[in-house]
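Asks: sequence and computational prediction follow.
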Amino acid sequence: MRLKDKIAIVTGSGQGIGRGIAERFAQEGATVVLADINEQTLHNTEQALTAQGGNVLAVRVDLSQSDQVAQLYATIMAKFGTVDVLVNNAAWAIPTAHFLDMTEDFWDKVMQINLKSVFLCSHHAVKIMADQKKHGSVVHISSFGALRAHREMSAYDAAKGAIEALTRAMAVDLAPWQIRVNAVGPGLTATPPVTDYLPTPQQQKRLLDTIPLERLAQPADIAAAVLFLASDEASYITGQILYVDGGVVAQLRPAVMERHHKRPE
Ligand SMILES: NC(=O)c1ccc[n+]([C@@H]2O[C@H](COP(=O)([O-])OP(=O)(O)OC[C@H]3O[C@@H](n4cnc5c(N)ncnc54)[C@H](O)[C@@H]3O)[C@@H](O)[C@H]2O)c1
């Protein structure tokens, strides 16, 4: 068990990638704090993980609000007295607006949910780790959108780019305390916002053609990378971004042309 006896917070764990990470962490022996704004999905995850024998604490919280984040950490400290791992996963997953149409309110909302929450959660966690002089690990969930622009998602991509810069900056500042900070950049992953956005097989097929490994990621694919970075196996890795994207950012341009070689049988 790679996270035995660790206290791990996974934000946005009511559904999607966060739920996949929480599930994997619980299987690896962690006590997992599930933190999400959605009461219903939070409850569903809590029930499912508990039924699998996991140790979880579910807390409903709007992570973009500093008083609520402070209350979350007060609850965690009262119950467990420490934090070993933080995964900053919660986000508004597909906030679309063409740059020409984007309002200041929209920009602020995306930054509040997708970037400020990461600062707020991280700040509390690393202060606890530093005060207690214990090694700790923070993993941010970025996106391949930090490197390659999504159409009409400039605020989202800007927030993810900032998260990647923050990953390196936090890693450098916190290294003297042996607190490691890394990020995982998922590619297109089969979660509710994506499957709702691409409801038909034709729409999905068009996108699959742009992914070298020719499939969407599953939350478990992302969870495996997060687990590695959170665990002691990655004890000499900090300040890194690991893309789990089926090869998308590696290729020069999407394979919109027909392939010249037959695929292997
Ligand atoms: N699905 C993808 O294709 C994909 C690709 C790249 C990156 N990502 C990133 O992965 C992460 C998870 O995405 P997902 O696809 O699982 O999305 P999702 O919408 O399924 O899950 C996001 C979770 O965050 C929660 N959340 C949102 N705002 C919150 C707030 N203010 N306070 C607390 N909780 C809040 C939601 O309730 C939800 O449970 C996000 O950071 C997203 O940007 C996803």
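Replies: Okay, I see it. Numbers count the residues shown, from 1 in each chain.
Asks: could you use CA atoms for every contact and neighbour count after this?
Replies: Will do.
Asks: mind listing what the spatially closest residue to Thr191 that is not a sequence neighbour touches?
Replies: Leaving aside its sequence neighbours, Thr191 sits nearest to Gly16 (C-alpha to C-alpha, 6 or more residues apart in numbering; 4.7 Å). By C-alpha atoms under 8 Å, 6 or more residues apart in numbering, Gly16 lies in contact with 190-192, 219.
Asks: change it to 7 Å
Replies: Gly16 is in contact with 191-192, 219, counting by C-alpha atoms under 7 Å, 6 or more residues apart in numbering.
Asks: ok, now Asp36?
Replies: Asp36 touches 11-14, 42, 59-62, counting by C-alpha under 7 Å, 6+ apart.
Asks: output those residues in TSV; the columns should cover secondary structure and neighbour count.
Replies: Supplementary listing: the contacts of Asp36 in TSV, determined by DSSP: H, G, I helix; E, B strand; the rest coil; neighbours: other C-alpha atoms under 10 Å:
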residue	secondary structure	neighbour count
Thr11	strand	29
Gly12	coil	29
Ser13	coil	30
Gly14	coil	27
Leu42	helix	21
Val59	strand	21
Arg60	strand	18
Val61	coil	20
Asp62	coil	19
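Asks: just the residues you listed that are near the ligand?
Replies: Contacts with the ligand within the contacts of Asp36, as defined by C-alpha under 6 Å from any ligand atom: 12-14, 61-62.
Asks: my read: Pro186 touches Ile222, true?
Replies: Yes: counting by C-alpha atoms under 7 Å, Ile222 is a contact partner of Pro186 at 6.5 Å.
Asks: mutual contacts of those two, please.
Replies: Common neighbours of Pro186 and Ile222 are listed as Val244 (criterion: C-alpha under 7 Å, 6+ apart).
Asks: so the residue nearest to Thr191 versus the ligand, what's the distance?
Replies: Using C-alpha to the nearest ligand atom, to the nearest Å, we find Gly16 at a distance of 3 Å from the ligand.
Asks: what do you get for Ala171?
Replies: Distance from Ala171 to the ligand, counting by C-alpha to the nearest ligand atom: 19 Å.
Asks: can you read off the pLDDT for that residue?
Replies: Looking at Ala171, its pLDDT is 99.
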